[in-house]
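In: Sequence plus the predicted model coming up.
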Amino acid sequence: MVFNKNIIIALIILLVGTTVSYAQGDLETGEVEVIKDFDARLKDTEKISVTPHLPNQEAVTKTQVYNIPPRTMQVEYLAPKIRPIAMRGDKLPEAYDGYLKLGGGIPTTTFGELAYNTFYDDQYDIGVKLKHHQANFKNLENQRFMENSGELMGTYYLEQGYAVGGNIGYRSDQVHYYGYDHEVADFSRESVKQNFNTFDLGLKFFNGERTQGDINYRAGLNVYNAKDNFAAKERHFDAGIGATKWFDGRHSLDVDIKADFTTYQDSVKQKLNNFYINPAFTFHNEGIKAQVGVNLASVDEEFSVFPDVEVSANIVGNKFTAFVGAEGNLQPNTMRTLSDYNPFIRTFGSLEIRNTSYNHFYGGLRGTVAGFNYKGQIGYKDAKDLPLFLNTNTIFPDSSALTKFDVVYDSVRIFNIQGSIGATILRDLDLTGTISINRFELNNEEKAWHLPFLEANFTGVYRMLEDKFRLKGELFVANGVPYRIENNRSDNLNALLDVSVGGEYILSENLGAFVEINNLLNNKRQRWANYPTYGLNVLAGVTAKF
């Protein structure tokens, strides 16, 4: 039986309304007393524990397949350079700040030397040097000498990158004119004593660190005051500034400007003032070095141009290096420089100070072959006003007169051959040798008075007992130099053949002992006419490092 949906809904509504109306009509009236607030609670339920589980990874792992098409890429790179592997260097020996050497010998000899240098707080470089050496050879009257010297130096490196330094020193060089006929003459010590006293002072300024523009700068000045026992005195002042600019860390441009002023006074006053400008460029390449420069000098309004050139090239690595060069300069000849070379010169009333102007051209080979370091050179020097030393007893031919030396100047052409060699044999034996041969051509003088034609020196050092003992041997050879005799004639002095030996033993880490036996052959060669050398002599003592 099918009923209409709307009819059914209407019947339900009518039924509900009738029921409600009936219930309201039957409700009794009265008061209701509330005993307790309604407290509705839910009953505690039991907690159900659930443990999660991760899905099985093997079941979900999927294999991915990637398909990448190939592509060629152009990569530019520098060709590799093959470099030698650095060799492990030997352990550096322990360094000491101070060194002391004390000794005495025969004939009557005393020797002392002290050197100390320290670098403090990475800013202060301080050093001191002291030396004393004297000897009295009593077999020949007044054959004695004494040297005392001391120097204090220091450098301060500032945080700004530059450094300042200075030095102050004093030297007393005492010699005696013992060149006379001892059989017919007798002189007191005071009458033949000559004492050169020199006071030095120097200041310098330079960059203590590398500058941003790769420019090294420098400036300095030096002053000395010298005098002797015969009222001769000399003052000297020199100052200079310079800079070096580096290019590519290898090539350099140098510019130096310098001036020196010397005043010598005995009975008259002499002055020697020189000015120099020296620019030079140095090029370094693999196996090639070239320096090209010029030295411009001026003295007494006279201007001179000197070369400053040297080129060297490796022929076979470092085995054979050929070099050729040309240089020139002004060399001041002052009382100080001349007396350093010949202490028996005559000063008061006769000494003349001059410049030696020279040009030097040279060439040769150097290198290392089979452990031997060598250098050979041939040169030609054209020297104007080269000092020669003429003995005065030919000017005053008196057998009782003292022999002194006057300085005479002449233009000289010098042909020179020189060489040197050095090697370490069997790791414990060091050998070195040098030789120099000169040929002189003079304009005015007959001979190159007291200048040697041949000089040679050979040295060997043998180390043993784990380097605790060192044995040293030396051989000195020189020809007899020409000198003037009576009636304006010339002759040659006897040759030099000097054999010397010595040894040093390390007693402890800081203490050692030494002995030196010089001129074993007792050669009485005269380097200067009428001045025989000291013959056999011995010096022994101790050394200390601290």
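Out: Ah, there it is.
In: For the stretch 301-450 of the chain, which segments count as helices?
Out: Here the stretch 301-450 of the chain has its helices, by DSSP state H, counting those that start in this stretch, at 335-341.
In: Any regions of it where pLDDT drops low?
Out: For the stretch 301-450 of the chain, the stretches with pLDDT under 70 are 393-400.
In: ok, which stretches of it are strands?
Out: Under the criterion DSSP state E, counting those that start in this stretch, the stretch 301-450 of the chain contains strands at 302-316, 320-333, 354-369, 372-391, 405-425, 429-442.
In: Of all the ones you listed, which one is nearest D181?
Out: D181 lies closest, by CB to CB, to one member of the strands of the stretch 301-450 of the chain: strand 372-391, at 13.4 Å. Where you see a C-beta, it was placed from the backbone N, CA and C, and this is true even at glycine.
In: can you pull the buried residues of that closest one?
Out: 374-375, 377, 379, 381-391 (16 or more other CB atoms under 10 Å).
In: Equivalent analysis for stretch 341-356, please.
Out: 342-347, 351, 353-356.
In: in the residues you listed, which two residues are the furthest apart from each other?
Out: Counting by CB to CB, the most remote pair of the buried residues of stretch 341-356 is F344 and N355, 23.0 Å apart.
In: Which one of the buried residues of strand 372-391 is nearest to E151?
Out: P387 (27.1 Å).
In: Could I get the buried residues of stretch 341-356 in JSON lines, plus columns for distance to F199?
Out: Listed next are those as JSON lines, based on distance: CB to CB, whole Å:
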{"residue": "N342", "distance to F199": "22"}
{"residue": "P343", "distance to F199": "18"}
{"residue": "F344", "distance to F199": "23"}
{"residue": "I345", "distance to F199": "20"}
{"residue": "R346", "distance to F199": "23"}
{"residue": "T347", "distance to F199": "18"}
{"residue": "L351", "distance to F199": "20"}
{"residue": "I353", "distance to F199": "19"}
{"residue": "R354", "distance to F199": "24"}
{"residue": "N355", "distance to F199": "24"}
{"residue": "T356", "distance to F199": "26"}
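In: What spatial separation is found between the closest residue to W449 other than its chain neighbours and A370?
Out: Counting by CB to CB, 6 or more residues apart in numbering, W449 lies nearest to L388, which is 4.3 Å off, once chain neighbours are set aside. Between L388 and A370 the computed distance is 42 Å (CB to CB, to the nearest Å).
In: same check, this time on G202
Out: Applying CB to CB to G202 and A370 gives a distance of 44 Å.
In: out of the two, which sits in the more crowded spot?
Out: G202 (17 against 6; other CB atoms under 10 Å).
In: sorry, back to before: quick one: which of the buried residues of stretch 341-356 is nearest to I485?
Out: Distances from these to I485 were compared by CB to CB; the smallest belongs to F344, at 17.3 Å.
In: Show me where the stretch 151-300 of the chain has its helices.
Out: Using DSSP H, counting those that start in this stretch, helices in the stretch 151-300 of the chain cover 189-192.
In: Would you agree N479 is in contact with A456?
Out: No: the criterion here is CB atoms under 8 Å, and N479 misses it with A456 at 9.7 Å.
In: Output stretch 172-191 as CSV, nothing but the C-alphas.
Out: Taking C-alpha atoms only, stretch 172-191 is exported to CSV below (Å, rounded to 0.1, in the frame of the first residue of the first chain):
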residue,chain,number,x,y,z
SER,A,172,144.5,52.5,18.6
ASP,A,173,147.0,51.0,16.3
GLN,A,174,150.5,51.3,17.7
VAL,A,175,153.6,50.4,15.5
HIS,A,176,157.3,51.2,15.7
TYR,A,177,159.8,52.3,13.0
TYR,A,178,162.3,49.5,13.6
GLY,A,179,163.6,49.6,10.0
TYR,A,180,167.2,50.7,10.6
ASP,A,181,170.6,49.3,10.9
HIS,A,182,170.6,47.8,14.4
GLU,A,183,174.4,47.3,14.4
VAL,A,184,175.2,51.0,14.0
ALA,A,185,172.1,52.8,15.4
ASP,A,186,170.1,52.8,18.6
PHE,A,187,166.7,54.5,19.1
SER,A,188,164.6,54.8,22.1
ARG,A,189,161.1,53.4,21.9
GLU,A,190,159.4,56.8,22.2
SER,A,191,161.4,58.2,19.3
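In: Give me the buried positions along that stretch.
Out: So, applying 16+ other CB under 10 Å, buried residues of stretch 172-191: 173-180, 187.
In: can you give me how far it is from the chain middle?
Out: 41 Å (CA atoms, centre = their mean, to the nearest Å).
In: Could you pull up the mean pLDDT of it?
Out: The pLDDT scores in stretch 172-191 average 92.
In: so I345 bridges to which residues?
Out: When assigned by DSSP bridges, I345 has beta-bridge partners F405.
In: For the stretch 101-250 of the chain, which segments count as strands?
Out: Going by DSSP E, counting those that start in this stretch, the stretch 101-250 of the chain shows strands at 108-120, 124-136, 144-157, 162-176, 193-207, 215-227, 233-247.
In: Including distance to R413, could these go into TSV?
Out: Output for the strands of the stretch 101-250 of the chain, formatted as TSV (distance: least, CB to CB, whole Å):
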stretch	distance to R413
strand 108-120	41
strand 124-136	38
strand 144-157	35
strand 162-176	32
strand 193-207	32
strand 215-227	32
strand 233-247	29
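In: circling back to that earlier point, and the two most separated of the buried residues of stretch 172-191?
Out: Longest span within the buried residues of stretch 172-191, CB to CB: D173 and Y180, 20.8 Å.
In: Would you indicate which residues of stretch 128-135 are buried?
Out: Buried residues in stretch 128-135 (16+ other CB under 10 Å): 129, 131-133, 135.
In: I would like the residues contacting that stretch, please.
Out: 105, 107-117, 144-153, 534, 537 (CB atoms under 8 Å, 6 or more residues apart in numbering).
In: What average pLDDT does that stretch get?
Out: 97.
In: then it to CSV, C-alphas only?
Out: Extracted in CSV, the C-alpha atoms of stretch 128-135 (Å, rounded to 0.1, in the frame of the first residue of the first chain):
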residue,chain,number,x,y,z
VAL,A,128,129.7,44.8,21.1
LYS,A,129,133.2,44.0,19.9
LEU,A,130,136.5,44.3,21.8
LYS,A,131,140.0,43.3,20.7
HIS,A,132,143.5,43.5,22.1
HIS,A,133,146.7,42.1,20.5
GLN,A,134,150.3,43.0,21.3
ALA,A,135,153.7,41.4,20.8
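In: re the thing from before, among the strands of the stretch 101-250 of the chain, which is nearest E310?
Out: Per CB to CB, nearest to E310 of the strands of the stretch 101-250 of the chain: strand 233-247, 16.5 Å.
In: Show me which residues of the closest one are buried.
Out: 233-234, 236-238, 240, 242, 244-246.
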